[in-house]
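**Q** Pasting a predicted model and its sequence here:
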Amino acid sequence: AQLRRRLESELEEIRGAGTWKSERVIASRQGPHLRLAGGGAGIINFCANNYLGLSSHPEVIRAAVEALEKFGAGLSSVRFICGTQSIHKDLEEKIACFHQREDAILYASCFDANAGIFEALLTPEDAVLSDELNHASIIDGIRLCKANKYRYKHMDMQDLEAKLKEAQKHRLRLVATDGAFSMDGDIAPLREICQLAQKYDALVFIDECHATGFLGPNGRGTDELLGVMDKVTIINSTLGKALGGAAGGYTTGPKPLIDLLRQRSRPYLFSNSLPPAVVGCASKALDLLMESNAIAQSMAAKTQRFRSKMTAAGFTISGKDHPICPVMLGDARLASVMAEDMLNRGIYVIGFSYPVVPKGKARIRVQISAVHSDEDIDRCVEAFTQVGRKHGALP
Ligand code: PLP
């Protein structure tokens, strides 16, 4: 009873702070058009990380079914005991080939990949320099390691340089950044980061969850987009967004690093192998991307359509050329009522406010997918324009 009272009071505090998160239940597959449980059909979905629309792609689903039938539901084991099948090794090879790296290691999620890398690689003699707006899983991964920690201001190269100078006293320096930041749709200045890393003898790590599969001419990611594929040493990314959307994450980079992770990385050593169906999805998604970059190109064109039409309508969209398109509104209440009203018009978008984003920077985040039609995009812009006028966000 005492625990119940304590929990209820904590829950009340969360409600009171206006930061309560609720789940909207979907009764259909993930895709551009959804049916919500308890009614709402034909909702146009603009808030999944399904950037390439592969989450419900028929070939991805078929590959999952085939892997399920051939390799079973799961391994009932971690990888190094009796949990490695040929499909795990094939997928690791495919990932390394896709990123043009020496080797790759699979995890149950990118959260796990981020939890496992820093502690395995860095000792108290080393240093890690992290962008202040890095994803929570990078922050947690860094917390778990014993290296000296430096936090530089978001994408601020002067501050990074100052911290790199300070960190010269350590044995090894690792700069860690998201390739693309999920709240702002902004892209890390990797060229400048790599130049500084070279000048101050540091390694570069990027989290490519919001870039793998679609940024750069062939969808390899931020490093390809910015021409620094040979300068970034370590990439962590997810299979749970553009690459089929099921689950899973990985690290790819130099072979001795991947070998070390297989020996030391705790989420790899102490957690079950990825289920075959999940491996099948990701493997097929990578095949589709390596065959052609048409899907990634189609998403880029739709992103461009949405960003330019919304800007012409009078909205401010944060970031540049990224399918994460935050419609900046400032006021938390405005973001929340506008998102609600958008849903009434059949457009599913989500409002974000403090503490998820800084105070006064509330926004509605729109995410574009290759499987949105031009008509879906235009309907979204039209609904924003009507709702924006109604609530005073537009004149
Ligand atoms: N890193 C970033 C930047 C993310 O946005 C996410 C997911 O939200 C993760 C890591 C975690 O990825 P996963 O869902 O594979 O655990």
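**A** In hand now; what should we look at?
**Q** Can you list the buried residues in the host helix or strand of E59?
**A** Using DSSP states H and E, E59 sits in helix 58-71. Using 16 or more other CB atoms under 10 Å as the test for burial, helix 58-71 gives 60-61, 63-64, 67-68, 71. The C-beta positions use only the backbone N, C-alpha and C, and glycine is treated the same way.
**Q** if we take the residues you listed, which one ends up nearest to K320?
**A** V60 (29.5 Å; CB to CB).
**Q** contact partners of the strand or helix carrying M338?
**A** Assigned by DSSP H and E, M338 belongs to helix 332-344. For helix 332-344, the surrounding residues in contact (CB atoms under 8 Å, 6 or more residues apart in numbering) are 18, 40, 43, 329, 348-354, 362-364, 383-384, 387-388, 390-393.
**Q** In helices, which of those residues fall?
**A** If you go by DSSP state H, the contacts of helix 332-344 have 383-384, 387-388, 390 in helices.
**Q** Could I get the full set of helices for the stretch 151-300 of the chain?
**A** Assigned helices in the stretch 151-300 of the chain, in chain order: 157-166, 190-199, 222-225, 255-264, 266-269, 276-291, 294-313 (criterion: DSSP state H, counting those that start in this stretch).
**Q** Can you tell me which of those helices is most buried?
**A** Most buried of the helices of the stretch 151-300 of the chain by mean neighbour count (mean count of other CB atoms under 10 Å) is helix 222-225; its value is a mean of 23.
**Q** Now do that one: everything it contacts.
**A** 179-180, 187-188, 190, 206, 208, 211, 215-218, 229, 231-232, 235.
**Q** Kindly recompute the last result at 6 Å.
**A** 179, 187, 190, 211, 215-216, 229, 232 (CB atoms under 6 Å, 6 or more residues apart in numbering).
**Q** what do you get for stretch 322-329?
**A** Stretch 322-329 is touched from outside by 51, 180, 185, 299, 303, 306-307, 315-318, 335, 362-368, 393, with contacts defined as CB under 6 Å, 6+ apart.
**Q** contacting residues around L286?
**A** 94, 98.
**Q** again with the one 10 residues further on
**A** By CB under 6 Å, 6+ apart, the contact set of A296 is 214, 219.
**Q** What distance do you get for it to T303?
**A** 11 Å (CB to CB, to the nearest Å).
**Q** do P58 as well
**A** 24 Å.
**Q** Tell me, how many residues neighbour H322?
**A** Counted by other CB atoms under 10 Å, the residues lying close to H322 total 28.
**Q** so which helix or strand takes in the residue nearest to S265 when sequence neighbours are not counted?
**A** Nearest residue to S265 in three dimensions, chain neighbours excluded: G116, at 3.6 Å (CB to CB, 6 or more residues apart in numbering). G116 is part of helix 110-121, with elements assigned from DSSP H and E.
**Q** same question for that helix, mean pLDDT?
**A** Here helix 110-121 scores 98 as its mean pLDDT.
**Q** What residues sit buried inside the next helix-or-strand element following it?
**A** Per DSSP H and E, helix 110-121 leads on to strand 127-131 as the next helix or strand towards the C-terminus. For strand 127-131, a neighbour-count test (16+ other CB under 10 Å) marks 127-131 as buried.
**Q** same question, stretch 140-159
**A** Buried residues in stretch 140-159 (16+ other CB under 10 Å): 141-142, 145, 147-152, 155, 159.
**Q** does any part of that stretch sit near the ligand?
**A** No: on the criterion CB under 6 Å from any ligand atom, stretch 140-159 is out of touch with the ligand, staying 9.6 Å away.
**Q** Other residues contacting that stretch?
**A** The contact list for stretch 140-159 (CB under 6 Å, 6+ apart) reads 114-115, 118-119, 122, 124, 126-133, 160, 163, 167, 170, 189, 192.
**Q** In CSV, could you pull the C-alpha coordinates for it?
**A** The C-alpha coordinates for stretch 140-159 follow below in CSV (Å, rounded to 0.1, in the frame of the first residue of the first chain):
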residue,chain,number,x,y,z
ASP,A,140,23.4,6.4,-21.0
GLY,A,141,26.2,4.5,-22.8
ILE,A,142,28.7,7.2,-21.9
ARG,A,143,27.5,7.1,-18.3
LEU,A,144,28.3,3.4,-18.1
CYS,A,145,31.9,3.9,-19.1
LYS,A,146,34.8,5.2,-16.9
ALA,A,147,36.4,7.5,-19.5
ASN,A,148,36.7,11.3,-18.8
LYS,A,149,33.6,13.0,-20.1
TYR,A,150,33.3,16.3,-22.0
ARG,A,151,30.1,17.7,-23.3
TYR,A,152,30.3,20.3,-26.1
LYS,A,153,27.5,22.7,-27.1
HIS,A,154,25.2,21.5,-29.8
MET,A,155,27.1,21.5,-33.1
ASP,A,156,29.4,24.2,-31.8
MET,A,157,32.8,23.7,-33.4
GLN,A,158,34.5,26.3,-31.3
ASP,A,159,33.4,24.6,-28.1
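**Q** Tell me the gap between that stretch and the middle of its chain.
**A** Put simply, stretch 140-159 sits 19 Å off its chain's centre (CA atoms, centre = their mean, to the nearest Å).
**Q** same check, this time on stretch 92-101
**A** Centroid separation for stretch 92-101 versus its chain: 19 Å, with CA atoms, centre = their mean.
**Q** go on, stretch 303-318?
**A** 22 Å.
**Q** same deal with stretch 48-64?
**A** Remark: stretch 48-64 is offset 16 Å from the chain centroid, using CA atoms, centre = their mean.
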